[in-house]
Structures are given as structure tokens and as C-alpha cells.
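In: What would the 3D arrangement of this be:
(chains A, B, C and D)
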2 protein chains.
Amino acid sequence: MPTPHYGQPRYRTIADELRQRIESGAIPPGALLPTESALTAEFRASRGTVRQAIAVLREADAVTTEHGRGTYVKTRPPEYGPVEDTATETQRRQIAADPELAALFAVDAGTALMEQQSVTRTDGVVGVVTRTYRLLHRR
Amino acid sequence: MPTPHYGQPRYRTIADELRQRIESGAIPPGALLPTESALTAEFRASRGTVRQAIAVLREADAVTTEHGRGTYVKTRPPEYGPVEDTATETQRRQIAADPELAALFAVDAGTALMEQQSVTRTDGVVGVVTRTYRLLHRR
DNA sequence: AGAAATTTGTCCGTATGTATC
DNA sequence: AGATACATACGGACAAATTTC
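Out: Residues are numbered from 1 along each chain as shown, chains lettered A, B, ... in the order given. Take a look at the predicted model:
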């Protein structure tokens, strides 16, 4: 049997109190809520109860919690969309061995080699290009 | 970005992404991984998280890290079967951008680029040559 | 050769997430 | 409910190795 609560559960009381502080401007948008341990001390509740209260606010989209940082008062719904788009495109083609490659592979200069070129872009900007050379008919 | 309820820690997600780039050849054996700060920017994660991701790859013997230098892709993960003697030698040099590279990096043809060439030999026989190109001292 | 910039190594502190007792 | 332990995550600071200018 759960602890008898008169009126409403403890976590809801705490949530309401915090919500009022936010709406009153006592904790302005963008500001950090007191830490869980601070709230634990202030309301003399267990950490679990405090977390439950914060979860209510989070569910109501009034705050966001960031791992390792704390819980912030929201200003507006978080923006969506890919923050950063990294993509690699690869193409294969045959090329003629330049003198250095020819020497390495022990073939005549001009011999056809397989080239795999990978272009990695971040937000459309080319960051690195790699060219891999192999003899034909090999793994 | 608010911390979602994870199914998987961030560092593992980052490690998986990097592993895939390695296996796809986008980051070939002997090549350098992006720097910690570059990865920090790309994945919007803290340096510690990025380092943890790299530690996963290092643990898996997929890469090696050198102080002040960077993290290199290893020639090959542990392999079964007959023991082959595989070695990769790497050299770096500045080269003039050919027309294709110039177009990719949006610079004039002939502009100096950093080229890193890795030659992988198996039992003395050249198996694959990779050349990776980057812009000089940028960012 | 030397100074500055890069890049990785290490340590500290704070805070949340999750699990267990 | 409470307490503890450990994992995950962020941030700052400084040191050490290397590269670049």
C-alpha cells in the first residue's frame, strides 16, 4: 500500500512549486533548476521523488534535462533537423599507374590499376579524399 | 541537445560510425582518423566521450594512437589462419592539387595539399596503396 | 634553430542515468 | 524512502609529444 497522501502525491506538490517559480520568473528561461541534491535538501524528499517531480515538468515540455549538466527551463521547443550531415561517397574506376605506383606494384608505368576514391563531406564541405589503389583481379 | 533516453551510450554510437568508415575504406589502413577536436565538432560530443569512442576501437585493435600525432587505422584486425607478415609504411608530403582534387576542395589547381601515402605489404608484396588528401593547416 | 600551433595524455569536479540493497 | 555504487557525460586545466611556420 502506497504512503497515504492527503490531497496529492509529494512529487506533484514539488512539481507544482517548481512550475510556479518558472512561471513567476523566479527561474527564468534558459536558467538551470537547482540540482537534484539541492532539491532533495530543500523539500526533504528522496532523490527519487525529486526526479519524479522533474519528470513531470519534462513531460509538460517545461524543462529539458541534459546529461551531466542539469535541467534547464525551456525557452521554446527544441529545434529539429540534422545538426551536421556527414556523408562519404565512393567510386571505383580504372586508372593508369603513375611511375611511383608502377614501381610499388612492380608493373610497367601506365598499367591499369583499380582506384577507389572516397570523398567525405561534412555539411557539404569536403574534408578528406582518399584514393586506394590495387592491382586488378585481386581482393 | 537534450539527453534522450538511451538505448545505447553516445560513445558507442560514435565508435560504430567510425568503425564503419574504416571498414568501408573511407578511412583506409595507415590513415589518420579525424582529430579529437574534429570529432568533437562533428558529433557534438565532449572530448571525453570522443576519447571513449576511440578507446573502444583501440581495444578492438582497429586503431593505434600516438601522442601528439593522432590515431591511425591499423593494417588489419586480428586474423586467423596462416600467419602473414603484414606491414604498412606511411609517408607524408605536400603535393600540388590535380584538377579533380582542386575541384573537390574548391581551390585552384596546383594548390598545395597534404598527401599521406600508405603502402601495405603482405609478405613483401605490395597489396594496396592508399593516398589521403587534406587541406593544409586549416580550421 | 626556435616559437607557435596542433594534438593527445591526464586529472579534477559536477551532474544525471541506472541498478541494487 | 533512503543510501550507495557505478556508468555516462560535460567542461576546464595543464602537461607532453609533434608538427608547422
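
In: mean confidence for stretch A:126-139?
Out: With pLDDT averaged residue by residue, stretch A:126-139 scores 83.

In: any idea how far the residue of chain A most remote from its centre lies from chain B?
Out: Distance from the C-alpha centroid of chain A, by Cα atoms, centre = their mean, peaks at residue A:108 (50.3 Å). Per Cβ to the nearest Cβ, to the nearest Å, residue A:108 is found 15 Å from chain B. C-beta coordinates here come from the backbone N, C-alpha and C atoms, glycine included.

In: Can you tell me the SS state at that residue?
Out: Classification of residue A:108 by DSSP: H, G, I helix; E, B strand; the rest coil places it in coil.

In: and it, what is it in contact with?
Out: For residue A:108, the contacting residues are A:97, A:102, by Cβ atoms under 8 Å, 6 or more residues apart in numbering or on different chains.

In: cool, residue A:106 as well?
Out: residue B:126.

In: again with residue A:49
Out: Contacts for residue A:49 (Cβ under 8 Å, 6+ apart) come out as A:10-11, A:14, A:43.

In: element containing it, please.
Out: helix A:47-59 (DSSP states H and E).

In: Please work out the average pLDDT along that helix.
Out: Here the average pLDDT along helix A:47-59 is 79.

In: list the buried ones in it?
Out: By neighbour count on 16 or more other Cβ atoms under 10 Å in any protein chain shown, the buried set for helix A:47-59 is A:49-54, A:56-58.

In: So which of the residues you listed would count as near DNA strand C as well?
Out: By Cβ under 7 Å from any atom of the strand, the members of those lying near DNA strand C are residue A:51.

In: Of the buried residues of helix A:47-59, which is the nearest to chain B?
Out: Of all these, chain B sits closest to residue A:58, with 8.6 Å by Cβ to the nearest Cβ.

In: how many neighbours does the nearest residue to the closest one once chain neighbours are set aside have?
Out: Excluding the flanking residues, the one nearest residue A:58 by Cβ to Cβ, 6 or more residues apart in numbering or on different chains is residue A:65, at 6.1 Å. Using other Cβ atoms under 10 Å in any protein chain shown, residue A:65 has 17 other residues around it.

In: how much distance is there from the host helix or strand of residue A:65 to the middle of the chain?
Out: Taking DSSP H and E as the definition, residue A:65 sits inside strand A:63-66. Centre-to-centre, strand A:63-66 and its host chain are 13 Å apart (Cα atoms, centre = their mean, to the nearest Å).

In: Do the helix or strand following that strand and DNA strand C come into contact?
Out: Per DSSP H and E, strand A:63-66 leads on to strand A:70-73 as the next helix or strand towards the C-terminus. Yes. Strand A:70-73 lies within reach of DNA strand C by Cβ under 7 Å from any atom of the strand, at A:70-71.

In: Check which element follows strand A:70-73 along the chain.
Out: Next in line after strand A:70-73, if elements are assigned by DSSP H and E, sits strand A:86-96.

In: so how far is whichever helix or strand comes after that following strand off the chain centroid?
Out: Later in the chain than strand A:86-96, the nearest helix or strand by DSSP H and E is helix A:99-105. For helix A:99-105, the separation from the chain centroid amounts to 44 Å (computed by Cα atoms, centre = their mean).

In: What is the neighbour count of residue A:10?
Out: Applying other Cβ under 10 Å, I find that residue A:10 has 17 neighbouring residues.

In: So it sits against residue A:45, correct?
Out: Yes. Between residue A:10 and residue A:45 there is a contact under Cβ atoms under 8 Å: 6.0 Å.

In: Tell me where the model's unsure across chain A.
Out: Filtered on pLDDT under 70, chain A yields the residue ranges A:1-8, A:67-69, A:75-85, A:138-139.
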